[in-house]
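**Q** model the structure of this input:
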Amino acid sequence: MTQGYQNPILHADYADPDVIRVGEDFWMVSSSFNQVPALPLLHSRDLIHWRIVNHAIKRLPSAEYDQVQPGKGVWAPSIRYHDGQYWIFFSLPDDGIFVTSTDDPLSEWSKPRCLKSAPGWIDPCPFWDDDGRAWLVHGFAYSRSGIKNKLQLFEMAPDASRLLDEGRIIFDGTPSHPTLEGPKLYKRQGEYWIFAPAGGVKRGWQTVLRASSLAGPWQSRDVLHQGNTPVNGPHQGAWVALENGENWFFHFQDKGVYGRVVHLQPLCWQEDGWPAIGEPLGDTGKGQPVLSHPRPSLPTTRYVLQTSDNFVQGQPGRQWQWQANPQENWLRKGKSGLTLRSVPHGGSLYTMPQLLLQKFPAERFSVTTSLCGGFVEPGDEAGLVIYGERFAALSLVLASTGRQLRLRHGWNSDRGELSETSLLIADNVGTSVDLGFRVDYDGISRFCYRTSDGEWCDVAPVFSAGAGKWIGARFGIYASGRGPEAQGEAVFSQVEVMTL
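**A** Coordinates of the predicted model:
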């Protein structure tokens, strides 16, 4: 009997997923926004179990990303395999469309190259046709381009070195498909297909466009809605065809503080040639997401998405990302534990580039870490942080009177006004302390701590975590200082994450 799976298959913030199959391997990329290293690459053999195997971009290609740029960075990448090369196309919303490639996805990817400098041109997807010609389709961000709801197509050099024409709008969704974006272009049985989301992240749906030639005209059909399920806004993903004839569709669901989590839906091609996704939504001809379903007919591979970390050889695992392009003085090399240096930063946690963060891994989970503070100057500190537009950290701080535990919490308001408060939790704390927190439903979190000779103590008040700019909440660790140089340091021996 075929075993089933439960959605979401990844309860973590892998926004705008795109997936391809190359032989027996499946590769997934997603938006990473301002997080660095950028463009995470995930691998699977069974479509259900995934692990992070690489990042295609080690540094974002602009000096502005040496500072925190919430909501900017890598938007909606597409991954393709063509002529022995893996290609990833992505946008930086203020800059344009970029390309990186490799012949081995587990090795170094090429330095990102700007294919088209055009603010607001987003969500690019390449396509190589059977005749050897290459094409590029993309959407628009109204905030940068003044254009919305439209898809534009270009002919492209087959080596992705340049665009060959002035492009043309091939579909205008203004009257019927607001916020049309994220196109993925395919060919099946001589026809061209564009899978594109519409209606917005929180309440949108999945649309499919169909044409006998790339010049159009393009027909449209809405194929996946929320229906009677709790899965809001099911759209923006990838169609994957297996060698055994099965077809599957990946999409995300925006879950607020948890970010955009990934679902897998069955897809079948109907007699009229259109795809049906999920399960039938009454007699509407549309589909709705399945919450559980028999697994793909593939051998199960028990990959586990990385969370806990013992910092082997003194380095962070692939699950971690910085808030900005990392600098050489943020880490000190060591054989065990992770040594973060007290990099000067006199501002808010919200703007601190050296936060080392990872995604919320589940609705309910706990995190603990052991910290040893080798502080030098008053103002040196290190701690455990929950980050979003609402943020908080339980920190070990060197004050003029000795070491303290403090709870820092703040908010970047809807008006962009930044406020932050620091509360004294414990005084005369030793050099070493265990820090932790527990996240419950809706991101309600409670910090806790334990000194070397004590029991775990809860911290008040409770903290209600919030999503970031286009991303879910993150958690992680940091060290900072107020002196002119990073003389102090903090050693984190491990970070343990447990799903509840």
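**Q** count of neighbours near Gly216?
**A** 16 (other Cβ atoms under 10 Å). (Each C-beta comes from the backbone N, C-alpha and C, glycine too.)
**Q** ok, now Gly23?
**A** With other Cβ under 10 Å as criterion, Gly23 counts 7.
**Q** and it, what is it in contact with?
**A** Gly23 makes contact with no residue, according to Cβ atoms under 8 Å, 6 or more residues apart in numbering.
**Q** ok, Asn228 next?
**A** Under the criterion of Cβ under 8 Å, 6+ apart, the contact list for Asn228 reads Leu281, Gln288.
**Q** show me the protein divided up by domain.
**A** Per the record, the chain has its domains at 4-294, 312-499, by automatic domain parsing.
**Q** show me the contacts for the residue of the chain most remote from its centre.
**A** Checked against the mean C-alpha position of the chain, the extreme residue using Cα atoms, centre = their mean is Thr401, at a distance of 41.5 Å. Counting by Cβ under 8 Å, 6+ apart, Thr401 makes contact with Asp427.
**Q** just the pLDDT for it.
**A** If you check Thr401, the pLDDT there is 91.
**Q** end to end on stretch 441-453, go ahead and measure it.
**A** Taking Cα to Cα, to the nearest Å, the first and last residues of stretch 441-453 lie 32 Å apart.
**Q** and if you look at stretch 34-45?
**A** Counting by Cα to Cα, the length from the leading to the trailing residue of stretch 34-45 is 29 Å.
**Q** now Ile169. Nearest residue, chain neighbours left out?
**A** Using Cβ to Cβ, 6 or more residues apart in numbering and skipping residues adjacent in sequence, the residue nearest Ile169 is Lys150, 5.1 Å away.
**Q** ok, which stretches of the stretch 51-200 of the chain are strands?
**A** Counting by DSSP state E, counting those that start in this stretch, the segments of the stretch 51-200 of the chain that form strands are 51-57, 75-82, 85-92, 96-102, 113-117, 121-128, 134-140, 150-156, 168-172, 184-188, 191-198.
**Q** which stretches of the stretch 151-300 of the chain aren't confidently modelled?
**A** For the stretch 151-300 of the chain, applying pLDDT under 70 flags no range at all.
**Q** so which strand or helix has Arg438?
**A** Taking DSSP states H and E as the criterion, Arg438 maps to strand 432-439.
**Q** one step back: figure out which of the domains of the chain is closest to Leu305.
**A** domain 4-294 (5.9 Å; Cβ to Cβ).
**Q** returning to that earlier point: distance of the residue nearest to Ile169 from Val137?
**A** Computed as Cβ to Cβ, to the nearest Å, the Lys150 to Val137 distance reads 11 Å.
**Q** which of those two has more neighbours?
**A** Val137 (26 against 18).
**Q** please name the bridge partners of the more buried one.
**A** Using DSSP bridges, the beta-bridge partners of Val137 come out as Cys125, Leu153.
**Q** correct me, but Gly259 touches Lys469?
**A** No: applying Cβ atoms under 8 Å, one finds Gly259 not in contact with Lys469, separated by 11.6 Å.
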